[in-house]
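Chemist: Dropping the sequence and predicted coords here.
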Amino acid sequence: MEELYRVSIRGGRYERVLGTPAQWICLGNDGKSFLYQDRKGGENEWRKHHTSSVARDIWNYDTVSGKHTRLTTWEGEDRNPRYSPDNRSVYFLSERSGSFNVWNMPADNPSEARQVTFFKTHPVRFLTISRDGTLCFGYNGEIYTLDSGSPSPRRLDVKIVSGEPADKYARLPVKEGHDVTVSPDGRQIAFVSRGEIFVTSAAYNTTRRITTTAEAEENPDFAADNRTLAYASERDGHWNIYTAAIVRDEDPDFPNATVLEEKPLFKAGKTDRTCPKYSPDGKELAFVEDRCRLMVLNLASGRTRRITDGERAYSTDGNMDYAWSPDGKWFALSYTGNRHHPYSDIGLVSAQGGPIRNITNTGYFDRQPVWSPDGNAILFSSDRYGMRSHASWGSLHDVMIVYLNRRAYETARMSEEEYAFHKEAEKRSGKDCETKDSEKESDSPKDIIVELDGIEERIVRLTPFSGNLRGYTLDKKGEHLYYSMSYGAAYDIWQLNLRSRENKALHKGLGGTLVWDGRMETLFSFGRGMKKFKNGTGAAETVQPNGVLQLDRRAERAYMFDRIRRQERERFYEESMHGVDWEAMCRNYERFLPHITNDYDFAEMASELLGELNVSHTGCRYSRPASPDDDATADLGLIFDFSYRGDGLLVAEVVAGAPFDRASSDVEAGDIVERINGREIPAGADFHPLLNHLAGQRTLVSLYRPSAGKRWDETVVPISQGALSKLLYKRWVKRRAADVERLSNGRLGYVHIESMGDASFRTVYADMLGRYNHCEGIVVDTRFNGGGRLHEDIEILLSGEKYLTQVIRGKEACDMPSRRWNKPSVMLTCEANYSNAHGTPWVYQYRKIGKVVGMPVPGTMTSVSWERLQNPALVFGIPVVGYRTASGAYLENSQLEPDVVVANTPELVVCGRDEQLEQAVKTLLEQIDAPAGHRYR
């Protein structure tokens, strides 16, 4: 939680004012009280029109008595309080009229609030007041004032005289990229950097920029001639397929080309076309239409044909995982085969179109199809054998193979001895010679034989161990599998002999997406940089692009704005977009683009626009690129007494697990830190500069114990603020657990779900069925949980009902089910619960597993796609999946009301009291002690 501090305008050490969140402070004239707006959770501050428990309220704090008084109780937003000059009334911003306007309420009777301004459609922001009572605020990009006693505000005529913005153009080095692909001859590598296509030499660092647009290009693919490149580009409001070709015969390749010719393959229109891939013979080009349909363009005739109808494509980002077969007659693709999104299967479809044939049919993630060189098998990734994640992502994967016909399967399953006999038999019969002669006569691959009957029996796990999988491919003969796998931090490239099963790591730390050149003589890895390996086993050679990008920042911002507009319109989970006139809103905010000169302002403007949708999981964030010159204050892991006024720092507590929490340390509460690395800490001085950039560095700390008159030094290694935050979280959980044990006399256990992810689930599972398995009930705390995806796992874990007892010679050993909690439980919630931390208690309450105690949870149960814009410092959110109840209502904007509502009062929170936890214990004990017929479940 945030805390409020103050510091002298002359600098020095800060002092804590409040241990609870408080924003937009406005001091009273007497200095004995101040107004503030609260902050109950992390919802985007630019979101508008929502009415929920997380909406801000206005409070008054009495600095003498320490009492907090809530002044507003309306269910929507009340914020930005300002005292009138005489302190008899309070001006503030509120959405009570539908949009943010200025309101006024008597300080001694806040229920009598009245509206002061009457703007429509857009919000009033940034309210301030002068000493003579003149109000000043912003509205729709303009500054207004309202004189005391005047009935209507006046727009200020602001004129800014400035030259060309300094950041309009930039020249950026290009050393890496994404969407990487290799030319068939292996001499060129195409990639995307900041939305532009580049091609670099695989042997030298010569690099050429292929496109020069403000808009994005992606998905480059080389034609068979090595002199033509197809790619998708988002221009004129829609995606289209373009080609760039080398014009002069004298130019050997793209990196050394002097003249290029670009042309669109389709007329501009309202259809989106992305993900181009040339057929093996180069005569056709496959692409994805309108995010869901696989199509093929015949390059000679210009005619297109539909391969799939898109009915089972649920992609919200426009990408489709598909691959041409070596003979050009089939496509392998990932798709949702059995209405089980997002779990995908591998499908097979004719290159002439028709039904998709499901060749995996599992409830696991099967994806990323890669053909064997001869076309008789398809590699794919699957998590069916890997360690299961409890959050729908993060599972470990294997490389699998499905053989498309019995002959290929039976040949592959032969032992080395059987295969040697088989080859000898073929040689004697002449089949082997015939095969070699036919291969010499024709370069075209043989037709692939597909036998669907019994294909599920021809699926084989290849990798001996599951792991984090990046890329995989077979060699030219199909005898060895090359794959990138991580069993820790780095990705290594492994080689597996499919027949002998010999598995060895070839290239440590160099794994990535694996791609062969057209002749399958050089293996490329695109991960941490670009690497190539002769025949896959040779020494690593680095490919280092050396390009330059001339960037028009203003044009790029205009494109990014349009990107946000289109992505929200086409991917928003609910087609009516909550009834918002999206195009009208975009037109209004678009006019500010020419006046924006930095990314921070762009993110704020985009967030204001996205806030109009009244939805969770959106807004635009700007993250300034890190610099070596940035401050990075380390921490000693000591909690200091803020009331101490002498020299040094008075230790109030040594944080468990922190640098001083070790057997060799003598530090305890009551000691004083006098010096850090020999530098004294005078009374009132700011000590943080002494810890700048010291995380992970040996640091000398000089200490003094007043009670014993003892002085000594200790050398420690300070930790980062992030590491300290994790330790303080553990401290908070341990204190909650101790409170539950004390309040219940040991009858109840306590777990906190930090996030709706795999690691949190495993901690909760371990504690519930381990240390607390003997308890009569469990308190499940979800407060301050930011979400993830655990609602199904938590439902299963908590909804067990005892049906058997294991008995060994008269001694009861275990109740069944043994892997589910089969006793009473209670769930704690608060206003800061977000996303799946709304969905999880909703399921818990809906299934009547137990009672929900705490504060209402805002309706934020959607799944989001966070998209990094062309400028990688900017990210925005698109809520792409809604969750609809049987009654037809979405959980988004549908607040969850607890069975028992209880708020934590600020005065008691800072004293260590947790009223919500106390009520949860009381509620659960009452349930346990109630007669069986009166229990909740």
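Modeler: Okay, I see it. Note that the structure is predicted; figures quoted are calculated from it, not measured.

Chemist: what's the longest helix in this protein?
Modeler: Longest among the helix segments of the chain by residue count, using DSSP state H, is helix 721-743.

Chemist: So which bits of it are buried?
Modeler: 723-724, 727-728, 731, 733, 736-737, 739-741, 743 (16 or more other Cβ atoms under 10 Å). Bear in mind the C-beta positions are built from the backbone N, C-alpha and C, glycine included.

Chemist: Break this structure down into its domains, please.
Modeler: Following the assignment in automatic domain parsing, the chain carries domains at 4-155, 638-719, 724-859+895-934.

Chemist: Among the ones you listed, show me which one is buried the most.
Modeler: domain 724-859+895-934 (a mean of 18; mean count of other Cβ atoms under 10 Å).

Chemist: Find the least confident helix or strand in the chain, judged by mean pLDDT.
Modeler: Confidence across the helices and strands of the chain bottoms out at helix 431-441, with a mean of 53, counting by mean pLDDT, DSSP states H and E.

Chemist: Show the subsequent helix or strand relative to that helix.
Modeler: Next in sequence after helix 431-441, counting helices and strands by DSSP states H and E, comes strand 459-461.

Chemist: Who are the packing partners of whichever helix or strand comes after that next one?
Modeler: The helix or strand immediately downstream of strand 459-461 is strand 468-474, counting by DSSP H and E. For strand 468-474, the packing partners by 3 or more Cβ pairs under 8 Å, 6 or more residues apart in numbering; DSSP states H and E come out as strand 366-371, strand 377-382, strand 398-403, strand 480-486, strand 512-516, strand 522-527.

Chemist: Distance to Leu297 for those - can I get that in TSV?
Modeler: Putting those into TSV (distance: least, Cβ to Cβ, whole Å) gives the following:
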stretch	distance to Leu297
strand 366-371	21
strand 377-382	24
strand 398-403	28
strand 480-486	32
strand 512-516	23
strand 522-527	27
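
Chemist: looking at the ones you listed, which is closest to Ile672?
Modeler: Of all these, it is strand 480-486 that lies closest to Ile672, at 47.0 Å by Cβ to Cβ.

Chemist: shaky segments in the stretch 201-350 of the chain?
Modeler: 315-316, 318 (pLDDT under 70).

Chemist: for Thr513, what are its contacts?
Modeler: 180, 470-471, 484, 525-527 (Cβ atoms under 8 Å, 6 or more residues apart in numbering).

Chemist: Do a quick rundown of the helices in this structure.
Modeler: 406-412, 416-429, 431-441, 553-571, 582-590, 599-610, 721-743, 758-768, 791-798, 836-846, 906-909, 915-929.

Chemist: Tell me the gap between the fourth one and the middle of its chain.
Modeler: Distance of helix 553-571 from its chain centroid, counting by Cα atoms, centre = their mean, to the nearest Å, is 20 Å.

Chemist: re earlier: now the helices of the chain in JSON lines, please, with extra columns for distance to Ala170.
Modeler: What follows is the helices of the chain, written out as JSON lines (distance: least, Cβ to Cβ, whole Å):
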{"stretch": "helix 406-412", "distance to Ala170": "54"}
{"stretch": "helix 416-429", "distance to Ala170": "59"}
{"stretch": "helix 431-441", "distance to Ala170": "53"}
{"stretch": "helix 553-571", "distance to Ala170": "6"}
{"stretch": "helix 582-590", "distance to Ala170": "23"}
{"stretch": "helix 599-610", "distance to Ala170": "12"}
{"stretch": "helix 721-743", "distance to Ala170": "31"}
{"stretch": "helix 758-768", "distance to Ala170": "40"}
{"stretch": "helix 791-798", "distance to Ala170": "45"}
{"stretch": "helix 836-846", "distance to Ala170": "39"}
{"stretch": "helix 906-909", "distance to Ala170": "47"}
{"stretch": "helix 915-929", "distance to Ala170": "51"}
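
Chemist: which stretch in those helices has the least confidence?
Modeler: Among these, helix 431-441 has the lowest mean pLDDT, at a mean of 53.

Chemist: okay, which residue of this protein is out on the far edge from center?
Modeler: In the chain, the residue that sits farthest from the middle, by Cα atoms, centre = their mean, is Arg428; the gap is 59.6 Å.

Chemist: quick one on the thing from earlier: what about the helices and strands packed on strand 468-474, which gets the closest to Ala663?
Modeler: strand 480-486 (35.1 Å).

Chemist: Okay, angle between that closest one and strand 522-527 too, please.
Modeler: 10 degrees (axes from the mean of the first three to the mean of the last three Cα atoms, to 10 degrees).

Chemist: who's in contact with Phe92?
Modeler: Here Phe92 is in contact with 58, 72, 78-82, 102-105, 127 (Cβ under 8 Å, 6+ apart).

Chemist: Inside strands: which ones of those residues?
Modeler: Among the contacts of Phe92, the ones falling in strands (DSSP state E) are 58, 78-82, 102-105, 127.

Chemist: so which of these would you say is closest to Arg305?
Modeler: Arg305 lies nearest to Arg79 out of those, by Cβ to Cβ, at 56.8 Å.

Chemist: Tell me what the closest one is bridged to.
Modeler: Bridge pairing for Arg79 (DSSP bridges) gives the partners Leu93.

Chemist: Roughly how far does it sit from Thr72?
Modeler: 9 Å (Cβ to Cβ, to the nearest Å).

Chemist: any common contacting residues for these two?
Modeler: By Cβ under 8 Å, 6+ apart, the residues touching both Arg79 and Thr72 are 58, 92, 94.

Chemist: so can I have CSV of those showing pLDDT?
Modeler: Shown next, in CSV, are these (pLDDT from 0 to 100):
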residue, pLDDT
Ile58, 98
Phe92, 98
Ser94, 98
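
Chemist: Adding distance to Ala759, write those residues out as CSV.
Modeler: Formatted as CSV, these follow (distance: Cβ to Cβ, whole Å):
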residue, distance to Ala759
Ile58, 38
Phe92, 41
Ser94, 41
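
Chemist: and which of these is nearest to Pro220?
Modeler: Using Cβ to Cβ, those come closest to Pro220 at Ser94, 51.6 Å.

Chemist: quick one: contacts for that closest one?
Modeler: Contacts of Ser94 (Cβ under 8 Å, 6+ apart): 72, 74, 76-79, 100-101, 103, 113.

Chemist: That one and Tyr139: what is the separation?
Modeler: Ser94 is 14 Å from Tyr139, by Cβ to Cβ.

Chemist: Same question for Asp345.
Modeler: Distance from Asp345 to Tyr139, by Cβ to Cβ: 53 Å.

Chemist: Skip the chain neighbours and tell me the closest residue to Phe113.
Modeler: In this structure residue 113 is Ala, not Phe. Met105 (3.9 Å; Cβ to Cβ, 6 or more residues apart in numbering).

Chemist: right, and the one you found touches Arg114 too?
Modeler: Yes: if you go by Cβ atoms under 8 Å, Met105 and Arg114 touch, sitting 7.5 Å apart.

Chemist: who's the spatially most central residue of the chain bridged to?
Modeler: In the chain, the residue lying closest to the centroid (Cα atoms, centre = their mean) is Trp866, at 6.1 Å. Applying DSSP bridges to Trp866 gives these bridge partners: Gly877.

Chemist: dump the residue contacts of it.
Modeler: Contacts of Trp866 (Cβ under 8 Å, 6+ apart): 875-878.
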